[in-house]
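In: sequence and predicted structure, then a few things I'm wondering about:
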Amino acid sequence: MEFSTPLDSATLIKRYKRFLADVTLQDGSETTLHCPNTGAMTGCAGVGWRVWYSTSDNPKRKYPCTWEWVESDRGDRIMVNTARANGLAEEAIRAKLLPILSSYDVIKREVKYGAENSRIDLLLQGADGIDCYVEVKNVTLLGQDGQGYFPDTVTTRGQKHLRELMTMVQAGQRAAILFIVPHTGIQRVAPAVHIDEDYARLCHQAQQAGVQFYAVGCDMDPQSVKPVTTLPVLIPDVAEK
């Protein structure tokens, strides 16, 4: 995924009000970036870290600059623009990083489905008539020794998606969770039992029901962000309450 123009860099002062981040530019002046991330961004917004941002030429935007990724104090590169996750997932599938998902002829985005009024991130369709429903999750929460976790806060929406995917499998279709991991320090992924035990429990139930789990690691530079490798996913067996 190429950026329309190479990104510029700045130094993070603070992120606040969820969608805003103040930075110091290379000339010493300060400006405010749009932060396209509604999550907690734990471990992704250290004061003094180097951020990379794109600039829109839309004159109607109040904040024309968008925070894209950040370099942590330990050198990890982390994409914070979650709006790019679905595109990275589609790129990974088309590049055949996940051969099991690469045999479909058609990829559709944001298709309505399910009993709980959901939209699937990617709907894969092929000649055999068995569709594959792919829910994409962006993973940037780093634990110890390269362990990545999802979610970084309690997600009732994510729980709903797991229920919907299990229903699709029961109806004879395929379903998958695809963790997009734009964090160069993360080497493997697991549900965050310590943050959302219900989500982790549903992940295990979904896996037992036939929902598949995959993860793709990404890398980035000022010119682009791209999926580069598959990562292992471990789904723990979380006991019922």
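Out: It's in. As the structure is a prediction and not an experimental result, all values here were calculated from the model.
In: give me the beta-bridge partners of residue 69?
Out: Beta bridges link residue 69 to residue 52, residue 79, judged by DSSP bridges.
In: next, count neighbours for it.
Out: The number of residues packed near residue 69 is 25, by other Cβ atoms under 10 Å. Every residue, glycine included, has its C-beta placed from N, CA and C.
In: quick check: it touching residue 82?
Out: No. Residue 69 is beyond contact range of residue 82, at 11.3 Å (criterion: Cβ atoms under 8 Å).
In: what's the helix or strand hosting residue 200 packed up against?
Out: Per DSSP states H and E: residue 200 is located in helix 197-209. When contacts are defined as 3 or more Cβ pairs under 8 Å, 6 or more residues apart in numbering; DSSP states H and E, helix 197-209 sits against helix 156-170, strand 174-181, strand 188-191.
In: again, only this time at 7 Å
Out: Contact partners of helix 197-209 among helices and strands, from 3 or more Cβ pairs under 7 Å, 6 or more residues apart in numbering; DSSP states H and E: helix 156-170, strand 188-191.
In: save these as TSV, and put in mean neighbour count too.
Out: Converted to TSV, the helices and strands packed on helix 197-209 look like this (neighbours: other Cβ atoms under 10 Å):
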stretch	mean neighbour count
helix 156-170	18
strand 188-191	23
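In: for residue 90, find the nearest of those.
Out: In terms of Cβ to Cβ, the element of the helices and strands packed on helix 197-209 nearest to residue 90 is helix 156-170, at 17.6 Å.
In: tell me the contacts of the residue lying closest to residue 152 once chain neighbours are set aside?
Out: Nearest non-adjacent residue to residue 152, counting by Cβ to Cβ, 6 or more residues apart in numbering: residue 141, 4.2 Å away. Shown in contact with residue 141 (Cβ atoms under 7 Å, 6 or more residues apart in numbering): 42, 43, 148, 149, 150, 152, 192.
In: what about the first one, distance to residue 140?
Out: Which is residue 42. For residue 42, the distance to residue 140 (Cβ to Cβ, to the nearest Å) stands at 8 Å.
In: can you tell me the centre-most residue of the chain?
Out: The chain has residue 138 as the residue nearest its centroid, 1.5 Å off, counting by Cα atoms, centre = their mean.
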